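**Student:** sequence and computational prediction follow.
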Amino acid sequence: MLTSVPGTNDVFAQSKEYPFREPVFRYITQTAEQVLRSSGAQMIHTPIFEYAEVLQKGVGVTSDIVVKKEMYTFEDRGGRVLGLRPEPTASIVRAYNQHGMKVWPQPVRLFTWGPIFRAERHQKGRYKQFHQVDYEALGSADPLVDAEAIALMVQIYRALGLKGLEVKLGSVGDPEDRVRYNDYLRGLFRPYAQGLSEDSRVRLESNPMRILDSKSETDQRIVAEVGVRPMLEFLGLEARSFHESVAGYLEKLGVPFTVDPSIVRGLDYYVRTAWEVHHSRIGAKSALGGGGRYDGLSEMLGGPRVPGVGWGIGIERVAIALEQEGVEIPADPAPDLYLVPLDEAAKLEALQIAQRLRPAFRVEMAYAPKSPRKGLEEALKREARFVGLLGEAERARGVVTLKHLETGDQREVSWEALGEALGPVPGVRL
Ligand code: HAM
């Protein structure tokens, strides 16, 4: 029997692993969609594969995704190198430029959700295919837009019912601030180069900031030993005042956060604002989400200057947090009616009735003839409101024997009158 690739997962209602239950996914994506639509953000779907160049230039040559070859790439028949998206931001910026959204009222605020691919070593909370909700606000350099992005993200977590959250806000400064900080870090780490992991030795020259959040234990020991000054101390005047504005707006909006002076994000495109959301019970290494500003990304993709800010929420990580906190996920509604054919000939009738009543009512049916007792049992198991029995006697009179399962009331109802007998369904028009 063939199986799925380890690190990828089937998402369905009865999955034994909680993060991959479809109702949990739906709860997360629908809640996020509701919050984001209420803010006027529009949904966008971009392709899950792009020219590898878009994706590589997006995340940057010193990101883990490129350094550790985490991007799945393949050649198409024309010999073009394509990649599965390791994050959606570059694709959304590409779409913004490609469709001339620069002439729309700014900022253009877009969101999406869907699968993301990273060839990482899989473990709980870290998968090769995972899912994100993603939000991007493009075309504004106003720190208010950063604060709104963070506030919306927190509003989604809260609407989901999560409590143990920590928003860690930092700044990675402007590119020139980072040049100074990286020079400082090189000076600090060079004497320890031999002790660093192979990845960090490469990063020592290309992007030493990434050594700070290396997952290697020996790297972490060295980081602790050398006593690194945080990035926040290296901010220039503009980046500093921008950071203070974002923090000030968040305070006024009542969004709780802590300033984390040493926040480092895994992607190269960030400037100024950078943040992560952690959960008390999941541990510091698995953020529930993260985001930041990326004013230079559009230019990296060959477009005009388009300032932007956005975030990604890891759907599986949020699902794990919901389980940890015991948040109850709304159950799928039970059927209004469960139809039971009592003989072969009644099977098609049952389907005809079901199709007439759907979608105003939730109607399920038995697909093989049953005895009335067995049919009733099945209806009870599904927690249906009514059971409808269809046999030869009913067929002769064009009726269904309809029984209300809670009250036990039973009567014959003609096909035409069934909708009325089932009663009004809140919010659904017949
Ligand atoms: P990221 O921090 O790389 O940011 O990913 C966002 C979230 O995706 C993480 O906080 C985590 O919850 C989840 N995640 C990442 N990798 C995995 C994995 N292998 N398995 C399960 N979940 C994972 C971005 O992707 C940026 N595009 C966010 C952004 C949007 N920044 C600006 N705009």
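**Tutor:** Perfect, I can see it now. For clarity, every value in this text was computed on a predicted model and none was experimentally measured.
**Student:** what does stretch 402-416 contact?
**Tutor:** 337, 353, 356, 376, 379-380, 384-389, 394, 397-401, 418, 421 (CB atoms under 8 Å, 6 or more residues apart in numbering). Where you see a C-beta, it was placed from the backbone N, CA and C, and this is true even at glycine.
**Student:** same deal with stretch 53-62?
**Tutor:** Contacts with stretch 53-62, where a contact means CB under 8 Å, 6+ apart, come from 65-67, 71, 81, 83, 85-87, 89-91, 93-94, 203, 206-207, 210, 267-269, 297, 300-301.
**Student:** try it again at 6 Å.
**Tutor:** Residues from elsewhere that reach stretch 53-62 (CB atoms under 6 Å, 6 or more residues apart in numbering): Ile65, Val66, Gly83, Ala90, Arg94, Ser206, Asn207, Leu267, Asp268, Tyr269, Met300, Leu301.
**Student:** got a list of what Met101 touches?
**Tutor:** Val108.
**Student:** distance check, the spatially closest residue to Trp311 that is not a sequence neighbour against Glu50.
**Tutor:** Sequence neighbours aside, Gly291 is the residue nearest to Trp311 in space, at 2.7 Å (criterion: CB to CB, 6 or more residues apart in numbering). Note on Gly291: its distance to Glu50, by CB to CB, to the nearest Å, is 20 Å.
**Student:** before we move on, what about Asp343?
**Tutor:** For Asp343, the distance to Glu50 - CB to CB - is 56 Å.
**Student:** give me the more crowded residue out of these two.
**Tutor:** Glu50 (20 against 13; other CB atoms under 10 Å).
**Student:** just the pLDDT for the residue in the stretch 301-430 of the chain positioned nearest to the ligand.
**Tutor:** Distance from the ligand to each residue of the stretch 301-430 of the chain (CB to the nearest ligand atom) is smallest for Gly314, at 2.2 Å. Gly314 carries a pLDDT score of 98 in this model.
**Student:** that one: how many residues sit nearby?
**Tutor:** Here the number of neighbours of Gly314 (other CB under 10 Å) works out to 25.
**Student:** ok, now Gln410?
**Tutor:** Neighbours of Gln410 (other CB under 10 Å): 12.
**Student:** again with Gly60
**Tutor:** Neighbour tally, Gly60, other CB under 10 Å: 21.
**Student:** check Phe386 too.
**Tutor:** Using other CB under 10 Å, Phe386 has 25 other residues around it.
**Student:** hang on, the earlier thing: what does the residue of the stretch 301-430 of the chain closest to the ligand show for phi and psi?
**Tutor:** phi -80, psi 110 (degrees, to the nearest 10).
**Student:** by mean pLDDT, which helix or strand of this structure comes out lowest?
**Tutor:** helix 64-67 (a mean of 79; mean pLDDT, DSSP states H and E).
**Student:** returning to what we had before: out of the contacts of stretch 53-62, which is nearest to Gly326?
**Tutor:** Checking the contacts of stretch 53-62 against Gly326 with CB to CB, the nearest one is Leu267 at 33.0 Å.
**Student:** contacts only, for that closest one.
**Tutor:** Going by CB under 6 Å, 6+ apart, Leu267 touches Val59, Ser63.
**Student:** what do you get if the cut-off is 8 Å, keeping everything else the same?
**Tutor:** So Leu267 contacts Gly58, Val59, Gly60, Ser63, Ile65, Glu87, Thr89 (CB under 8 Å, 6+ apart).
**Student:** so which of the residues you listed wins on neighbours?
**Tutor:** Among these, the one with the most neighbours (other CB under 10 Å) is Gly58, at 29 neighbours.
**Student:** that residue and Ala52, how far apart?
**Tutor:** Taking CB to CB, one finds Gly58 at 10 Å from Ala52.
**Student:** residues making contact with the one helix or strand Leu348 maps to?
**Tutor:** Following DSSP states H and E, the helix or strand that holds Leu348 is helix 346-357. Residues from elsewhere that reach helix 346-357 (CB under 8 Å, 6+ apart): 336-337, 339-341, 363-369, 388, 390-392, 394-395, 400, 415, 418-419, 422.
**Student:** how about a cut-off of 7 Å?
**Tutor:** With CB atoms under 7 Å, 6 or more residues apart in numbering as the test, helix 346-357 has contacts from 337, 339, 341, 363, 365, 369, 390-391, 395, 400, 415, 418-419.
**Student:** which parts of it are buried?
**Tutor:** For helix 346-357, the neighbour count (16 or more other CB atoms under 10 Å) marks Ala346, Lys347, Glu349, Ala350, Ile353, Ala354, Leu357 as buried.
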